[in-house]
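Chemist: fold the following for me, if possible:
(chains A and B)
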Amino acid sequence: MLAYIIRRIFILVPTLLGVSLIVFFMLRLTPGDPAELMLGERATEESLHQVREHLGLNEPLHVQYGMFMKRLMKGDLGETIFTRQKVWTEIKHRFPATLELSVCALFISCFVGIILGIISATKQYSVFDYLSMLGALTGVSMPIFWLGLVLMLIFSVNLGWLPISGRLSVLIDLEVVTNFYVLDSIITKNWVALKDSIWHLIMPAVTLSTIPTAIIARMTRSSMLEVLKQDYIKTAMAKGLSKFKVVYKHALRNALIPVVTTIGLQFGVLLCGAILTETIFAWPGVGKWMYDAVMQRDYMVIQGGTLIIATIFIMINLFVDLLYAVINPKISIK
Amino acid sequence: MKKIGIFLTLFMFLFSGSVLAAPKAGGTFVFGRGGDSVGLDPAYETDGNSFMVCDNIFEALVSYKDESTALEPGLAESWDIAADGLTYTFHLRKGVKFHDGTPFNANAVVFSIGRMMKEKNVKFVGKGFDIPKQDRTPEYWVSMEMDTTIGSIEATGEYTVVFKLKRVEAPFLANMGMDFADIISPTAFLSNPKEFLRQPVGTGPFKFVSWVKDDKIVLEKFKEYWDKTGGPYFDKVIFRAIPENSVRFLELKTGSINVCQFPNPADIPLAKKDKNLQLIAQPGMNVGYLSFNHTKEPWKSNLHLRKAIAHALNRQAIVDNIYQGMGQIAKNPIPPTMWGYNKSIPGYAFDVELAKQELEKAGFKDGKGLGEITLWSMPVPRPYNPEGLKVGVAMISNLAKIGIKARIVSYDWGTYLKKQREQPDDMDLFQLGWTGDNGDPDNFLAVLFDGLASPSIRTQWHNQEYHNLIVKGKTTIDQAERTKIYEKALQVIFDQVGTIPIAHSTVIWPTTKNVMNFKLHPTGSVRLKNVSFK
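Modeler: Purely as a prediction, here's the structure:
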């Protein structure tokens, strides 16, 4: 097992090298450069040249890539072009926000998705099955943007139950320790901030969870249906076991394998794909940051951010692979 | 009759509380805006979201008046200009402190401005400071050509600074009021130069407290602020980033923010109806224009053709439907609020018949012989033009009515800017615009249209008479005389159709009703010193 993990971690190196190469050169092939966008209408050849010189963009491409790799070897992702801050520091500030939101959304998705999937499978072609699968279809196709605004109008503007946007009310002070606000509120025993940060989390997490919930529900249903048709389930039923026991003890474990894969993939998607949710809810996370960087051609942010996200993606995949063995001991990892 | 008059006055006094109410000290003011600041070192920033925070932390030697770009004393109490226009002596205000407690003096001025110079020709009084090498380009300094303007900066006394110029530059004083010329605390800067943009220290009415990236910047009242007249009134000011316009407006409606920057035009009527909100409007100091590729024929020398295009455009329809009323037709390529504006210029009337006649005179009757022309349009909203592509489409249908076939060309913003500057052969007409920096007509008329001055001027319109006037305007110090020069230059550009000004946009921001004295400045700066709650 340990050897397997080490081997997988070693595979990280060529993968990341590939990612860095592709991202670096694709970015340079994209038209428009940061100096031009920085200066806008007032750009002159002279000012452009000066800015490019300062940013090191006048160097040949291979030299720029070499410099980037050299820094990377020392664990330095470089400095952002616009905010002149270490890329790593920027990520450290933003990633906890995204992770907090994604974990919450994933938790909702798993809880709701798996339960819906199981009930639909066990009551196939019933009204509940049709309704929940219709719900899943709606969930997948619902525009996040629209959903977010509708939730705001109902729960914030009309009912006044939840705050509209942000991570914490501006008038509440919170001593930041880990940048996970819920955790920080607990650590610093700031119960006002705890309630406020949880209240702020609800709407964005629900909005973000709609698509993964739908996907997980559909996956659970189809996987469950397949397992329920197998002989060993029939045997278990014939033995006289309760339906509950058969479903949750015998069928679910086997049915969960593809579901876990889906959950893993969805988590990766959530981590880097929360751009819309983060934009609507003014959530200061990684998604919006990366999107802005692409629009402004902040090469350093895109390069650094992509490498970090790629690493996390690979780690999640590894974690999912390890989880298979836990769920089903028949699968051994070598 | 007299009694009724007194009674009415008393009545108005009692019931117009909102107008006459005294400003209330205290409270937290939350400013909702579309994005976060990039950095807070005024010398190196280029974006409005950074400058609006700097506007409250820092001050410059001269300052713009509340609602115009007329100059008034800032950190300099007064100034003398030598007869030859080459030496400016600033007499500084005494008793001013930076937020870190260090005193403001001539050395701070020499340091703040001197650090941007390419060749640091500066002199301190007494010990002075070492100016570290800058690791960024001070973009505004470079684009305002300050290195070719300023020869040396010298502190001649504790409160006197002398700027020696290399050439007579009439807009110099106005430039000194811009954000890049703000005065910073040298002590704070030198204690950690790399972090100064995240921990700014100035002399302004509010001091920096904290910054949560992409979320909020918190400032608090600077109790030792030198100007004891008026504010600062708020205890705290918070700039909150809420990227989505409709969400920002919802936050305003629920009262969680006090101002909503750049709302969707569709939300303006809603704000008007809401009894808890008020609208603040200000014509922007900008212009959106359509120009020609003056580097090639037929545009270069066919005046009738340029006139035909100018009269074919229905600019009123563009302002009504695309600017959605948040703008006004431009008659001159400078905004009407700016001095030097030529009121006698009528603007190009929308007249299809006249346009057709001009086209015939140009030798392209009904567009024959012109072929399909290209109309370059911006892919992104700009302060002077909310939707370049839609404006382009409207123009194409206008041109079709006189027989000219045109098609839209657009690229991503960075590429658009780059290619446009190269004046490529496949570009016939192009849209662009400008937002003024310092309220000086030179900042529009020279940088945008005087193609003879430099190949990097975007319109590349070459007209000797115009060029001579612009040079004269730049080197004349007397404003009355300059006004006449610019009025003449505007007449030349109108007669020769060097460019077709389209519109000036109007900025309208809703605020909560309890906000008092909030004014929008033509330069786009946000100054909260005298703003308070009712």
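
Chemist: quick check: closest non-adjacent residue to residue B:291.
Modeler: residue B:499 (4.4 Å; CB to CB, 6 or more residues apart in numbering or on different chains). Using the backbone N, CA and C atoms, a C-beta is placed for each residue, glycine as well.

Chemist: can you list phi and psi of that neighbour for me?
Modeler: phi -160, psi 160 (degrees, to the nearest 10).

Chemist: what segments of the stretch 201-334 of chain A are helices?
Modeler: For the stretch 201-334 of chain A, the helices defined by DSSP state H, counting those that start in this stretch occupy A:231-238, A:243-245, A:252-273, A:275-280, A:286-296, A:299-327.

Chemist: between those helices, which gets nearest to residue A:109?
Modeler: helix A:252-273 (6.8 Å; CB to CB).

Chemist: tell me what that closest one is packed against?
Modeler: In terms of contacts (3 or more CB pairs under 8 Å, 6 or more residues apart in numbering or on different chains; DSSP states H and E), helix A:252-273 is packed against helix A:87-122, helix A:191-228, helix A:286-296, helix A:299-327.

Chemist: is it correct that residue B:30 falls within a helix?
Modeler: No: with DSSP: H, G, I helix; E, B strand; the rest coil as the criterion, residue B:30 is assigned strand and is not in a helix.

Chemist: okay, and the beta partners of it?
Modeler: Judged by DSSP bridges, the bridge partners of residue B:30 are residue B:238.

Chemist: so it sits right up against residue B:260, yeah?
Modeler: No: counting by CB atoms under 8 Å, residue B:30 sits too far from residue B:260 to count as a contact (10.4 Å).

Chemist: what's near enough to touch the residue in chain B that chain A sits nearest to?
Modeler: Chain B approaches chain A most closely through residue B:414 (2.4 Å), counting by CB to the nearest CB. Residues near residue B:414 by CB atoms under 8 Å, 6 or more residues apart in numbering or on different chains: A:31, A:32, A:33, A:36, A:37, A:297.

Chemist: in terms of helices and strands, where is it?
Modeler: Taking DSSP states H and E as the criterion, residue B:414 maps to helix B:413-421.

Chemist: picking that back up, same list, the helices of the stretch 201-334 of chain A, but as CSV with mean pLDDT and mean neighbour count please.
Modeler: Putting these into CSV (pLDDT from 0 to 100; neighbours: other CB atoms under 10 Å in any protein chain shown) gives the following:
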stretch, mean pLDDT, mean neighbour count
helix A:231-238, 85, 13
helix A:243-245, 82, 11
helix A:252-273, 82, 20
helix A:275-280, 88, 24
helix A:286-296, 85, 21
helix A:299-327, 84, 18
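
Chemist: can I get the ones you listed in TSV including distance to residue B:513?
Modeler: TSV is the format used below for those (distance: least, CB to CB, whole Å):
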stretch	distance to residue B:513
helix A:231-238	67
helix A:243-245	60
helix A:252-273	40
helix A:275-280	27
helix A:286-296	31
helix A:299-327	40
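
Chemist: out of those helices, which is closest to residue A:166?
Modeler: helix A:275-280 (11.2 Å).

Chemist: output the closest one in CSV with nothing but the alpha carbons.
Modeler: Provided in CSV are the C-alpha atoms of helix A:275-280 (Å, rounded to 0.1, in the frame of the first residue of the first chain):
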residue,chain,number,x,y,z
ILE,A,275,-16.4,30.5,-10.4
LEU,A,276,-20.1,31.4,-10.9
THR,A,277,-21.1,30.7,-7.4
GLU,A,278,-18.2,32.7,-6.1
THR,A,279,-19.0,35.6,-8.4
ILE,A,280,-22.7,35.8,-7.5
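
Chemist: other residues contacting that helix?
Modeler: Contact with helix A:275-280 is made by A:98, A:101, A:144-145, A:148-149, A:165, A:204, A:207-208, A:283-285, A:287-288, A:290-291, B:243-244, B:247, as judged by CB under 8 Å, 6+ apart.

Chemist: kindly report the same for stretch A:199-206.
Modeler: Applying CB under 8 Å, 6+ apart, the external contacts of stretch A:199-206 come out as A:100-101, A:104-105, A:108, A:148, A:151-152, A:155-156, A:162-163, A:166-169, A:181-182, A:277-278, A:280-281, A:283.

Chemist: also stretch B:271-280?
Modeler: So stretch B:271-280 is contacted by B:249, B:252-253, B:255, B:263, B:268, B:508-513, B:515, B:518-520 (CB under 8 Å, 6+ apart).

Chemist: tell me which of those residues fall in strands.
Modeler: Secondary structure defined by DSSP state E assigns B:508, B:509, B:510, B:511, B:512, B:515 of those to strands.

Chemist: min pLDDT across the residues you listed, which one?
Modeler: In terms of pLDDT, residue B:508 ranks lowest among these, with 88.

Chemist: can you tell me the helix or strand for the residue nearest to it when sequence neighbours are not counted?
Modeler: Ranked by CB to CB, 6+ apart and with sequence neighbours excluded, the top spatial neighbour of residue B:508 is residue B:281, at 4.6 Å. Assigned by DSSP H and E, residue B:281 falls within strand B:277-283.

Chemist: same question for that strand, mean pLDDT?
Modeler: In this model, strand B:277-283 has a mean pLDDT of 90.

Chemist: what's whichever helix or strand comes after it packed up against?
Modeler: Using DSSP H and E, the helix or strand that follows strand B:277-283 towards the C-terminus is strand B:286-292. Applying 3+ CB pairs under 8 Å, 6+ apart, we find strand B:286-292 packed against helix B:303-312, strand B:429-435, strand B:499-512.

Chemist: before we move on, the earlier item: what about the residue nearest to residue B:291, neighbour count?
Modeler: Neighbour count of residue B:499, defined by other CB atoms under 10 Å in any protein chain shown: 23.

Chemist: which residues touch it?
Modeler: B:289, B:290, B:291, B:292, B:333, B:448, B:449, B:459, B:461, B:493.

Chemist: filter those down to the buried ones, ChimeraX style.
Modeler: Here is the ChimeraX selection string for the buried members of those, based on 16 or more other CB atoms under 10 Å in any protein chain shown:
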select /B:289,290,291,292,333,448,449,459,461,493
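
Chemist: could you export the contacts of residue B:499 as a markdown table, including distance to residue B:88 and pLDDT?
Modeler: Output for the contacts of residue B:499, formatted as a markdown table (distance: CB to CB, whole Å; pLDDT from 0 to 100):
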| residue | distance to residue B:88 | pLDDT |
| --- | --- | --- |
| B:289 | 33 | 95 |
| B:290 | 39 | 95 |
| B:291 | 35 | 95 |
| B:292 | 39 | 94 |
| B:333 | 29 | 95 |
| B:448 | 26 | 91 |
| B:449 | 28 | 93 |
| B:459 | 31 | 90 |
| B:461 | 32 | 93 |
| B:493 | 30 | 95 |
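
Chemist: out of the contacts of residue B:499, which comes closest to residue B:131?
Modeler: residue B:448 (33.5 Å).

Chemist: so which strand or helix has that closest one?
Modeler: Residue-wise, residue B:448 maps onto helix B:442-449 under DSSP H and E.

Chemist: tilt between that helix and strand B:499-512?
Modeler: 130 degrees (axes from the mean of the first three to the mean of the last three CA atoms, to 10 degrees).

Chemist: check which helices and strands helix B:442-449 sits against.
Modeler: strand B:429-435, helix B:464-475, helix B:479-495.

Chemist: appreciated, that's everything.
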